[in-house]
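Asks: Mind looking at a prediction? Sequence and model below.
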Amino acid sequence: RAATRDVEFGGKLIKEGEQVVLMYSSANRDTDHFTNPEELDITRDPNMHLAFGFGTHFCLGSNLARLEIRVFFEEMIKRVKGWGLAPGTAPVEMPNAFVFGMREMMVVLDPA
């Protein structure tokens, strides 16, 4: 993308025509909008995250995704009393400038 006009942002001047890069992975880590943005808090309220996009680019499947994840955890809680990282393992991050996630995370489940 390119700046369409001169603009000052964060104390820096971006001139018209200069290339800009959007760091999507930082979108939900803004301390002005989230208390403890690096912590997983499923009860965060308000939770104006951008995981499903925004405006005209908002994900049409967001309601289905929310339903699927809710049902997954409801069923998981019935079947598993605890879980954690497998001993001697560590999550493997998925290096990507567009999205943040895990490529691999080995877990141990304790049946209910």
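Replies: Arrived safely, thanks for sending.

Asks: For stretch 34-49, give me every contacting residue.
Replies: Residues from elsewhere that reach stretch 34-49 (Cβ atoms under 8 Å, 6 or more residues apart in numbering): 27-31, 33. All C-beta spots, glycine's among them, are computed from the backbone N, C-alpha and C.

Asks: how far out from the middle of the chain is it?
Replies: The chain centre lies 10 Å from the centre of stretch 34-49; the measure is Cα atoms, centre = their mean, to the nearest Å.

Asks: please begin residue numbering at 53 from this point
Replies: Sure, I'll start counting at 53 from here, so that last one is stretch 86-101.

Asks: Tell me which residues of that stretch come out buried.
Replies: Buried residues in stretch 86-101, counted by 16 or more other Cβ atoms under 10 Å: residue 86.

Asks: Export it to CSV, keeping only CA atoms.
Replies: Presented in CSV, the C-alpha positions along stretch 86-101 are these (Å, rounded to 0.1, in the frame of the first residue of the first chain):
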residue,chain,number,x,y,z
PHE,A,86,-6.9,-4.0,25.6
THR,A,87,-5.8,-4.5,29.2
ASN,A,88,-3.0,-7.1,29.2
PRO,A,89,-3.3,-7.7,25.4
GLU,A,90,-0.7,-10.6,25.5
GLU,A,91,-2.9,-12.7,27.8
LEU,A,92,-5.7,-15.0,26.6
ASP,A,93,-8.8,-13.8,28.4
ILE,A,94,-12.0,-15.4,27.0
THR,A,95,-14.1,-13.2,29.3
ARG,A,96,-12.6,-9.9,28.1
ASP,A,97,-15.4,-7.3,27.8
PRO,A,98,-15.5,-5.3,25.7
ASN,A,99,-13.6,-7.4,23.2
MET,A,100,-13.4,-5.3,20.0
HIS,A,101,-10.8,-7.6,18.4
